[in-house]
Every structure is written in C-alpha cells, then in structure tokens.
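Visitor: Below are the sequence and a predicted model; questions follow.
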Amino acid sequence: MRIFKTSKRAMLFSMIAMVALLAGVKSAFALTGTYNFASSGSYYSESGPSQYWHTTTGAGYCGHISGSCSPNSMRWTYTNGCSPSNEAEWNNPNSAQDGSHRVFVPSVNATTTNAPYTITYDGASTVTWGVNQNAYYNAWIWTGDYYDIRNTWLSDATCESGSPKIGFDEVRITY
C-alpha cells in the first residue's frame, strides 16, 4: 500500500510540473556573482519618441570604466518635467532569491537631481529611488537589497525645471 501512495504522489508532482511547464512558469535556481544589465541587448528596452534618445560613445560603465563589456556607450535624454515621455526598463529574468541592487551613474549626460529608478521585486512590490545623478561621477549607487528583483524602470519624469539630462546606463544585481 505504501508503494502505491508514493507512486501516486510522484505522479501528482509530475502532473504539477507539466502544468507549470505548459503555463510558462520558470523554475528557480540559485544564482551567485554579479550580473550587469547594460543599456542595450535583450534585457533592456526603451520607449518614447526616438528623436529624444541620444547615445554617447566612450561613456558609461562599459564605454569608459570596463573594457570587457558592451556596448561602449550610454543612453540619455533630457528630463521632461513631471510627465514621462521616454522610459527604459532593465529585466532580470531569474532572481527568486535575495540580491543587492545598484545603478551606474556615468560622468557625462547625467545632470538630473531626481532620477526616478523604480525597482520591482518580490512578485509585484515596488520601490522608487530618486537618485541625484549630478552628485556622482562614474559611480555605482546602491539602491537596496531585495528578494526576487525583476525589473528596474527609469523615466524622464523628474519634476525638475530647466533642461537637465538623465543618464540611462547599467543596472547591477549581486547575489
């Protein structure tokens, strides 16, 4: 009788795994190390009018600090008051564990005093950090430790007057 219950339980777990696979549920696995998400590639996307997006080559983390990653440039736009026009998203596909989140502020084209980085973590929780990019020069800024970091958003809606620039460069997650 015990053998029947065990195999019945195994069949149930197999069925649950099959349903999860068909539903597109990702299995969690332990990550270790440091992961950089650049302002390009499959984990990065931009929205908004393309004429307002600019690229500076030889700047940012990959373009100026590290010679071992790509792209060798950073993206930027002008701030847009309190209404978002341009926005970027960095996706972290597998992170069901604790991680430390940082953003890189390049030395050029990052003069806003209120860059609104929004981090999605732990399912659907969010936190927004207003980073004074004008106070940093080629620096990683710690924005918190979170469980299951999924997305980082940054928009040009800084609620500033004038024409400050907002830099979009690297996001780093360390496990």
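Guide: Thanks, I have the structure now. Numbering: from 1, shown residues only.
Visitor: Output the below-cut-off pLDDT ranges for the chain.
Guide: Low-confidence segments of the chain (pLDDT under 70): 1-29, 67.
Visitor: 80 - rerun?
Guide: In the predicted model, the chain carries pLDDT under 80 at residues 1-31, 64, 66-68, 94-95.
Visitor: just the helices in the chain please.
Guide: Along the chain, counting by DSSP state H, helices occupy 2-23, 60.
Visitor: Strands of this structure, residue ranges please.
Guide: For the chain, the strands defined by DSSP state E cover 34-37, 44-47, 54-57, 73-78, 87-91, 98-105, 115-121, 125-131, 139-147, 151-155, 165-168, 171-174.
Visitor: which strands and helices sit next to the third one?
Guide: Counting contacts by 3 or more C-beta pairs under 8 Å, 6 or more residues apart in numbering; DSSP states H and E, strand 54-57 is packed against strand 73-78. Backbone N, C-alpha and C define where each C-beta goes, glycine included.
Visitor: who does the strand it packs on pair up with?
Guide: Counting by DSSP bridges, the strands paired with strand 73-78 are strand 54-57 (antiparallel), strand 165-168 (antiparallel).
Visitor: Need the winner for burial among these.
Guide: Ranked by mean neighbour count, the strands paired with strand 73-78 are led by strand 165-168 with a mean of 25 (mean count of other C-beta atoms under 10 Å).
Visitor: and residue 140, which of the strands paired with strand 73-78 is closest to it?
Guide: When the strands paired with strand 73-78 are compared by C-beta to C-beta, strand 165-168 sits nearest residue 140, at 13.1 Å.
Visitor: Let me see the residues that make contact with that closest one.
Guide: 39, 46, 60, 74-79, 88, 105-106, 108-112, 115, 133, 154, 156, 158 (C-beta atoms under 8 Å, 6 or more residues apart in numbering).
Visitor: go again using 7 Å as the cut-off
Guide: Under the criterion C-beta atoms under 7 Å, 6 or more residues apart in numbering, residues 39, 74-79, 88, 105-106, 109-112, 115, 133, 154, 156, 158 lie in contact with strand 165-168.
Visitor: ok, now stretch 53-69?
Guide: Contacts of stretch 53-69 (C-beta under 7 Å, 6+ apart): 36, 38, 46, 70-77, 86, 104, 106, 108-109, 138, 169-170.
Visitor: Just the C-alphas of it, formatted as CSV.
Guide: Output in CSV follows, covering the C-alpha atoms of stretch 53-69 (Å, rounded to 0.1, in the frame of the first residue of the first chain):
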residue,chain,number,x,y,z
TRP,A,53,17.0,59.4,-27.2
HIS,A,54,20.8,60.1,-27.5
THR,A,55,23.9,57.9,-27.4
THR,A,56,27.3,58.9,-26.1
THR,A,57,30.1,56.6,-27.2
GLY,A,58,33.0,56.0,-24.9
ALA,A,59,30.9,56.9,-21.8
GLY,A,60,29.2,54.9,-19.0
TYR,A,61,30.3,51.8,-17.4
CYS,A,62,31.0,49.7,-20.5
GLY,A,63,32.2,52.6,-22.6
HIS,A,64,34.6,54.2,-20.1
ILE,A,65,35.2,52.1,-17.0
SER,A,66,35.2,48.5,-18.1
GLY,A,67,36.8,47.4,-21.2
SER,A,68,35.3,43.9,-21.1
CYS,A,69,31.6,44.6,-21.8
